[in-house]
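**Student:** return a 3D structure for these sequence lines:
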Amino acid sequence: MQLLLVILLTAGILGAQVQFARLEGTIYDTERAPISGATIKLPQLKRGAITQRDGSFVIADIPPGTYQIEVSAVGYDAYATTITLSPATVKQLRVVLRQSSIEAQAVEVTASRRLQEQSDTRTSVLTVDPREAKYKAGGIEDVFRTLQNLPGVTAPSDFSSQLIVRGSGPDQNLILLDNIEIFNPYRLYGFISLFNPETISSITLLTGGFPAQYSDRLSAVLDVRNRDGYTGNGYFSGKLNVSITNANVITEGALPFWNGAWLVSTRRTYYDLIVGPIVRATGAVDGDVAFPNFRDLQLKLTLYPAQGHKLFANVLTSRDNTEFTSGANRQTA
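**Tutor:** Numbers count the residues shown, from 1 in each chain. Got it, this is the predicted structure:
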């Protein structure tokens, strides 16, 4: 009697286990591509599943009955349906989700338009920031060597600051400093230019198509403008700069009348001052040794006697030397 009871209980348990249903399926998009990471929920049972990379899912051991199925995925419209599961059955479910349209508020982006002067639209006009002459690698703080890096501009050699623009010779260029023509803007036989980068306010190079006001030059026009001194009242400043080629001193200040200002700058090489006396005193070199050097002085005076009126005067002086030292003998050429 006990054996019969155990057999009946076991059969009842097995029969109860067989009553569960199974839900399987695949989630696609409208292009029949499987959706990975979609969520399938049975709210009544608080159960669910997430689709695999191939879009498939499985929910096992579901009691028979009627249930609501909710399917959702990021970027797709949600889907809901009702299914009925019979005992000991496997229900196949295929769901196609449509991509959702996300509506956002309008975003308006505005910016102010940069006013462009007519001179900026001319062809073959190159403008260089004077600060580039001080910080550009290989420029040795020389305006002309900075210009040699521009398109269509080159140099006769690595040891020259002369400008060859579009194949023309350096003598075919017009060089202007504050609208004054500079016939020889080179120092140390062309190694460095006359212009002091510490006093320049603008550099403009016209490589072609320049107006008739620049006369009959065939190659290019280089227009360099020196800055004015400080125009505040009771202001004075000085600056000392030593580079690989020269020592540079700049002083500037304001004038007590007509909103005027003044600017003075001077440069000088220092190799002959340091190495020359050493060679002369020690006699370390038997042959002649050349110590090229140069010095220049620039003075600019600016006055504003009335609104819209400007008076300015420029003074420029420069000198080049080459000193030959042979033991204790010293000659200047």
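**Student:** can you give me the neighbour number for Leu263?
**Tutor:** Per other CB atoms under 10 Å, the neighbour tally for Leu263 reads 21. Quick note: C-beta positions are derived from backbone N, CA and C, even for glycine.
**Student:** okay, now the residue nearest to it when sequence neighbours are not counted: neighbour count?
**Tutor:** If the residues on either side of it in the chain are set aside, Leu263 comes closest to Gly229, at 3.9 Å by CB to CB, 6 or more residues apart in numbering. Residue neighbour count, defined by other CB under 10 Å, stands at 25 for Gly229.
**Student:** same deal with the one 10 residues further on?
**Tutor:** When counting by other CB under 10 Å, one arrives at 11 neighbours for Lys239.
**Student:** and the helices in the stretch 101-250 of the chain?
**Tutor:** 130-135, 143-147 (DSSP state H, counting those that start in this stretch).
**Student:** any idea of the mean pLDDT in the longest one?
**Tutor:** Just to be clear, that refers to helix 130-135. Averaged over helix 130-135, pLDDT sits at 73.
**Student:** and the last one, by the same measure?
**Tutor:** In this model, helix 143-147 carries a mean pLDDT of 82.
**Student:** which stretches of the stretch 101-250 of the chain form strands?
**Tutor:** In chain order, the stretch 101-250 of the chain shows strands spanning 125-128, 153-154, 164-165, 173-177, 180-181, 186-187, 192-193, 200-206, 220-226, 236-242, 247-254, with DSSP state E, counting those that start in this stretch as the criterion.
**Student:** could you dump the ones you listed into TSV with distance to Ala73 added?
**Tutor:** Putting these into TSV (distance: least, CB to CB, whole Å) gives the following:
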stretch	distance to Ala73
strand 125-128	56
strand 153-154	61
strand 164-165	65
strand 173-177	70
strand 180-181	76
strand 186-187	74
strand 192-193	70
strand 200-206	62
strand 220-226	66
strand 236-242	67
strand 247-254	70
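**Student:** and among those, the most buried is which?
**Tutor:** Using mean count of other CB atoms under 10 Å, the stretch among the strands of the stretch 101-250 of the chain with the largest mean neighbour count is strand 192-193, at a mean of 24.
**Student:** counting contacts, what elements does that strand pack onto?
**Tutor:** Contact analysis of strand 192-193 by 3 or more CB pairs under 8 Å, 6 or more residues apart in numbering; DSSP states H and E lists helix 143-147, strand 186-187 as its packing neighbours.
**Student:** Gln213 is nearest to which of those?
**Tutor:** Ranking the helices and strands packed on strand 192-193 by proximity to Gln213 (CB to CB) places helix 143-147 first, at 21.2 Å.
**Student:** list the contacts of stretch 30-40.
**Tutor:** Applying CB atoms under 8 Å, 6 or more residues apart in numbering, the set of residues contacting stretch 30-40 from outside is 25-29, 48-57, 59, 69-74, 76, 96-99.
**Student:** tell me which of those fall in strands.
**Tutor:** Judged by DSSP state E, the subset of the contacts of stretch 30-40 located in strands is 25-29, 48-50, 56-57, 59, 69-72, 96-97.
**Student:** what's opposite the residue lying closest to Leu240 once chain neighbours are set aside in the beta bridge?
**Tutor:** Computed as CB to CB, 6+ apart, the closest residue to Leu240 that is not its neighbour in sequence is Val249, at 5.5 Å. The partner list for Val249 in beta bridges (DSSP bridges) reads Leu240, Thr266.
**Student:** that older thread, can you select the buried ones among the ones in strands among the contacts of stretch 30-40 for me in ChimeraX?
**Tutor:** The following ChimeraX command selects only the buried members of the ones in strands among the contacts of stretch 30-40, with burial defined by 16 or more other CB atoms under 10 Å:
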select :25,26,27,28,29,49,57,59,69,71,97
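**Student:** picking up where we left off before, for the residue nearest to Leu263, give me its contacts.
**Tutor:** For Gly229, the contacting residues are Glu252, Gly253, Ala254, Ala261, Trp262, Leu263, Lys300, Thr302, taking CB under 8 Å, 6+ apart as the criterion.
**Student:** what do you get for Thr84?
**Tutor:** Remark: with contacts taken as CB under 8 Å, 6+ apart, Thr84 is in contact with Gly65, Thr66, Tyr67.
**Student:** would you confirm that the first one contacts Leu85?
**Tutor:** Yes - counting by CB atoms under 8 Å, Gly65 touches Leu85, with 6.2 Å between them.
**Student:** what about these two, which has more around it?
**Tutor:** It is Leu85, of Gly65 and Leu85, that has more neighbours when counted by other CB under 10 Å, with 20 against 13.
**Student:** okay, now the unreliable bits of this protein?
**Tutor:** Counting by pLDDT under 70, the chain shows low-confidence ranges at 1-18, 114-123, 134-140, 231-234, 276, 280, 283-290, 322-333.
**Student:** quick check: the closest residue to Lys239 other than its chain neighbours vs Ala212, distance?
**Tutor:** Distances taken as CB to CB, 6+ apart put Ile250 closest to Lys239, at 4.6 Å, once the chain neighbours are dropped. Ile250 sits at a distance of 36 Å from Ala212 (criterion: CB to CB, to the nearest Å).
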